[in-house]
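*Asks:* got a predicted model here, sequence first, then my questions.
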Amino acid sequence: MTEKKNKDKKQELEKEAVATEKTDTAPTGGKTDAEGEKLAEEVAEVLSDTDKLAAEVESLKAQIEKQHNDYLLLMAEFDNYRKRTLREKADLLKNGGESCMRAILPVIDDVERAMQAIETSSDIAALKEGLNLIYNKFRVYLEQNGVKEMETKDVDFDPEKHEAIAQIPAASPEQKGKIIDCTQKGYTLNDNVIRFPKVVVAQ
């Protein structure tokens with residue numbers, strides 16, 4: 001009877017031990033699984049962020065490459081523009097007066113015909129008329145190209161516009177400081193003086 005009680009007691013203790021082991025290990029196992037899942041989520045999040053960063057890096061690299069190519073293209077276009085501008089300026093300096101010279105050739109033709117007429121004609125009036133026609137044609141040509149004669153008669157002397165070659169006493173107070181004679185005409189080109197008139201001033 002005592003032996004049976006001991007046997008039953010032993011079995012009971014074994015059951016309790018097994019139950020206790022299950023009780024002790026169950027929470028630990030659950031906690032480990034939760035931590036593992038959390039760690040896996042963190043790893044997945046890090047990998048996702050890494051992929052995003054890698055994509056952003058590739059996008060930035062593409063933008064930088066495009067901007068670099070655009071810069072090279074712009075520099076090439078500017079260099080071509082600079083070369084073209086220099087070439088056009090050189091052509092302008094070389095051939096810019098071509099149209100002016102072409103327009104003045106008829107005047108030279110008229111002068112040559114007048115010179116021939118002087119040798120053969122005795123009609124002085126006709127020669128004078130022809131000379132006036134040549135002179136007027138040349139003046140019109142100059143005016144059409146922006147060249148104008150500077151007015152000097154009875155105007156106040158201006159050292160910025162006139163070259164005084166002589167001074168004479170003024171005949172009246174009103175004449176003082178005015179131009180009374182012009183020995184060489186002056187001209188402007190588009191309102192800029194290209195030759196100063198040589199004048200005599202009353203003082």
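*Replies:* Okay, I see it. Numbers count the residues shown, from 1 in each chain.

*Asks:* next SSE downstream of the helix-or-strand element of the chain with minimal mean pLDDT?
*Replies:* Within the chain, no helix or strand scores below helix 2-95, which has a mean of 76 by mean pLDDT, DSSP states H and E. Next along the chain after helix 2-95, taking DSSP states H and E as the criterion, comes helix 98-120.

*Asks:* give the buried residues for the helix or strand that that following helix is followed by.
*Replies:* Counting by DSSP H and E, the next helix or strand C-terminal to helix 98-120 is helix 124-144. Neighbour counts over helix 124-144 (16 or more other C-beta atoms under 10 Å) mark G130, I134, F138 as buried. Every residue, glycine included, has its C-beta placed from N, CA and C.

*Asks:* what sits against the residue nearest the centre of the chain?
*Replies:* Central residue of the chain (C-alpha atoms, centre = their mean): F78, 9.3 Å from the mean position. Residues near F78 by C-beta atoms under 8 Å, 6 or more residues apart in numbering: none.

*Asks:* circling back to that earlier point, can you put the buried residues of helix 124-144 in TSV and add distance to K52?
*Replies:* Listed next are the buried residues of helix 124-144 as TSV, based on distance: C-beta to C-beta, whole Å:
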residue	distance to K52
G130	93
I134	87
F138	82
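
*Asks:* export those residues to JSON lines and tack on pLDDT?
*Replies:* Shown next, in JSON lines, are the buried residues of helix 124-144 (pLDDT from 0 to 100):
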{"residue": "G130", "pLDDT": "89"}
{"residue": "I134", "pLDDT": "92"}
{"residue": "F138", "pLDDT": "92"}
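
*Asks:* and which of these is nearest to E65?
*Replies:* F138 (64.7 Å; C-beta to C-beta).

*Asks:* let me know whether the closest one touches I108 as I believe.
*Replies:* No. F138 is beyond contact range of I108, at 9.7 Å (criterion: C-beta atoms under 8 Å).

*Asks:* quick one: residues contacting the spatially closest residue to Y187 that is not a sequence neighbour.
*Replies:* Once flanking residues are discounted, Y187 sits nearest to R195: 5.1 Å by C-beta to C-beta, 6 or more residues apart in numbering. Counting by C-beta under 8 Å, 6+ apart, R195 makes contact with Q184, K185, G186, Y187.
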